[in-house]
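> what would the 3D arrangement of this be:
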Amino acid sequence: MVIQAILVGILYWLSMGRASYFISFAFRKPVVLGVFIGLVYGDVQTGLLYGATIQLMYMGGIEAGGNIPSDQGLATCIAIPAAIANNLDPAAAVALAVPFGVLGVLINNVRRTINSFYNTKADKFVEDKQYDKLSIFSFVLPWLTNGVLYFTPVFIATLFGSSVVQAFINVIPEWAMNGLTNAGNMLPGLGFALTLVVMGKKKYLPFFVLGFFLYSVMGFSMLTGAVIALCLALIVSLFKQNDEEEVA
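Okay, here's the model as predicted:
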């Protein structure tokens, strides 16, 4: 049981540690983690079944500015081991995953707060042109800190049961929870601002504003919004091609 708890904790660390962002981004998906967690417990088929069921909650979700609305990695790494150990129904595994997805958002906010101190030190090394020390504060220490933050809750929950983690959440002061929650609520706004900067060209702003207000008024899902956006892009592209052909 201890070995399994250690392995699942390492899986979550690898999925959220961002040593290689593109790999970890794909690795943290419930349907992918489910396969590896199932392998740890000797039942890949069941792990995949739970992972695919949990994945349905996160279909069409976006991470504006890197802000995660719910930590699917933590939800998966705590819910699937508990579901396998207790032979739970897939629907029960989903219900168990939800609160821990929220806990993962708080852990991510703590990670960002700690990393701000590392960033300050790294900026100082850049100013002093001490580039040989830069990697320690820009990668090594943040990655190891991520290991402590991400490995610990999964290891404890897998070894002693998810109720232990829930009990820990209950003893956190309300002011601390509110502070982390409010900090997290500000991040989507920052994400949209970064999206506008990346878009750059003013001619694309009407599409952004249109999409934002359509989503606010109609309340459709992200998947529906993606389909609408794709259709608009194809229509604009088609008219542009026709205009170019007429000019030619």
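> quick one, domains of this protein?
Domain ranges of the chain: 1-198, 201-247, per the TED database.
> for the ones you listed, give me a markdown table that also has mean pLDDT and mean neighbour count.
(Glycine included, C-beta is placed from N, CA and C.) Shown next, in a markdown table, are these (pLDDT from 0 to 100; neighbours: other Cβ atoms under 10 Å):
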| stretch | mean pLDDT | mean neighbour count |
| --- | --- | --- |
| domain 1-198 | 78 | 17 |
| domain 201-247 | 77 | 11 |
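> biggest helix in the chain, by residue count?
Across the chain, the longest stretch assigned as helix under DSSP state H is helix 90-127.
> now for the helix or strand that that one is followed by, which elements pack on it?
Remark: after helix 90-127, the chain's next helix or strand is helix 134-135, criterion DSSP states H and E. Under the contact definition 3 or more Cβ pairs under 8 Å, 6 or more residues apart in numbering; DSSP states H and E, helix 134-135 sits against helix 90-127.
> go with 6 Å
Applying 3 or more Cβ pairs under 6 Å, 6 or more residues apart in numbering; DSSP states H and E, one finds that helix 134-135 contacts no other helix or strand.
> neighbouring contacts of it?
The contact list for helix 134-135, computed with Cβ atoms under 6 Å, 6 or more residues apart in numbering, reads Ala122, Phe125.
> which element is Arg18 on?
Applying DSSP H and E, one finds Arg18 in no helix or strand.
> from Ile228, how far off is the closest residue to it other than its chain neighbours?
Using Cβ to Cβ, 6 or more residues apart in numbering and skipping the chain neighbours, the partner closest in space to Arg18 is Ser24 (5.3 Å). Using Cβ to Cβ, to the nearest Å, Ser24 is found at 30 Å from Ile228.
> and for Tyr50?
Distance, Tyr50 to Ile228, by Cβ to Cβ: 32 Å.
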